[in-house]
Structures are given as structure tokens and as C-alpha cells.
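Asker: structural data only, the sequence is not supplied:
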């Protein structure tokens, strides 16, 4: 089992560019989550999904979109990147009641 | 809304000391509580999961306790080692099973 994987690991964007972060899990989990982690702010929930084809907003959804077309994949999109979106992004999956995390994507927007 | 607090934000101890990390939460209607470890530049690794019906959970030198009624959990690390240096986060799971609330973590440094 690979667990939860994230692609890419690092990325540098210019303001206004777009990109998609991919999260994949091979544990057949129903729930998937995208968080961002900033110094002193802890983990903040961006969007989450309670099953294939569903998405919902978390605490800080503005500027991000998500899709879950397949149960094993959860995509996070930035349509027009801003410097405020510089952060480390973590994906997590859950069968319910506990979470498993990916290694993270470090994104810098200049 | 559930709020999770971890105090202190940072802790430095000499090698070999026993130490306690604290986690408090405002809503006692939780399903369980999970302790994670995060090394610099890495993801979160689950250490212990303690169900709301349990009082304690142990793994090696780690022992987590939970007092749901008072909204507190502690992570006890025995005989600390430099390799224990990391950030430790706690997360509570709401009763629906799909909502998780994180503390901001305690950064632990164990000095050789």
C-alpha cells in the first residue's frame, strides 16, 4: 500500500498562474480532505469530500476549487494563484474516525 | 465550534527526561482523539488514537490519556531521546466521524 500520495512535492508559481494538486489514496477511504499549514496557524481545512462526486467547503475555501471524480483521487485547483496562497498543502483520507496524511506539497507563489 | 488548544507551543528538555504534552478541547462530544507527530518538512504520522470510551492508550514509550468530561488529553513521553524532537499535534474527531479539529501543536526539542 502506498497510502496517501501527493503530486507534486514542490512547486513555484507566478502570481496569476493556475495549477492542480493531485492527492491519491489506495485504501478505499470514503472521506478526503485538503488542508493548508502556515507557521503559527496550524492546519486549516480548505475543502473536503465525503464520497465520490461530492465536495464541500471547509474553513478557508476562497481561491481554491476541488473535484473528486474518482473515489481514490481528490484534486485541488488554484485558478489564479496569489502570494497569500504560499503554504504547505496536505491531503488526508479517512475511513471515518481517523485520518491518514500525505507527505505534503510546498507551494510558493511569487 | 470545537476549539483545540495545545500548551506550551514549544518545549525544550534534556535527554532522558519524562515529559507531558497537553491538549484541551472545548466540546466534550467527541468520538476520539488522535496524537500525531510531524518532523520538519514532513507530513503527519499518527502516534496514538484514543477512543472517547477509553482513558488511556499506550505505545512503547508513549502514553496518551483522555478525560473527555474535562476536555483534556495528555501525551506522556518517557525517557525522552533526541529522536523525539518534532512537533506534536492533537486532533479531535467529532461525533459524525468525518470532522476533525486540530491544535496548533507543541514543538519539542530534546537536547543531547
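Answerer: Sure thing, it's come through. Every value quoted in this text rests on a predicted model; they were computed, and no experiment measured them. Residues are numbered from 1 along each chain as shown, chains lettered A, B, ... in the order given.
Asker: what strand or helix carries the nearest residue to residue B:99 once chain neighbours are set aside?
Answerer: Nearest non-adjacent residue to residue B:99, counting by CB to CB, 6 or more residues apart in numbering or on different chains: residue B:93, 7.1 Å away. For the C-beta atoms, the positions are set from N, CA and C on the backbone; glycine is no exception. Assessed by DSSP states H and E, residue B:93 sits inside strand B:86-94.
Asker: show me what that strand is packed up against.
Answerer: Using 3 or more CB pairs under 8 Å, 6 or more residues apart in numbering or on different chains; DSSP states H and E as the contact test, the elements touching strand B:86-94 are strand B:4-5, strand B:19-25, strand B:30-38, strand B:72-77, strand B:100-102, strand B:106-111.
Asker: sorry, back to before: check contacts around the residue nearest to residue B:99.
Answerer: When contacts are counted by CB atoms under 8 Å, 6 or more residues apart in numbering or on different chains, residue B:93 touches A:97-98, B:30-34, B:99-100.
Asker: mind giving me TSV with those residues and columns for neighbour count?
Answerer: Compiled in TSV, those are given as follows (neighbours: other CB atoms under 10 Å in any protein chain shown):
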residue	neighbour count
A:97	18
A:98	16
B:30	22
B:31	19
B:32	22
B:33	27
B:34	22
B:99	17
B:100	25
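Asker: out of the residues you listed, flag the one nearest to residue A:57.
Answerer: Of all these, residue B:99 has the smallest distance to residue A:57: 12.9 Å, by CB to CB.
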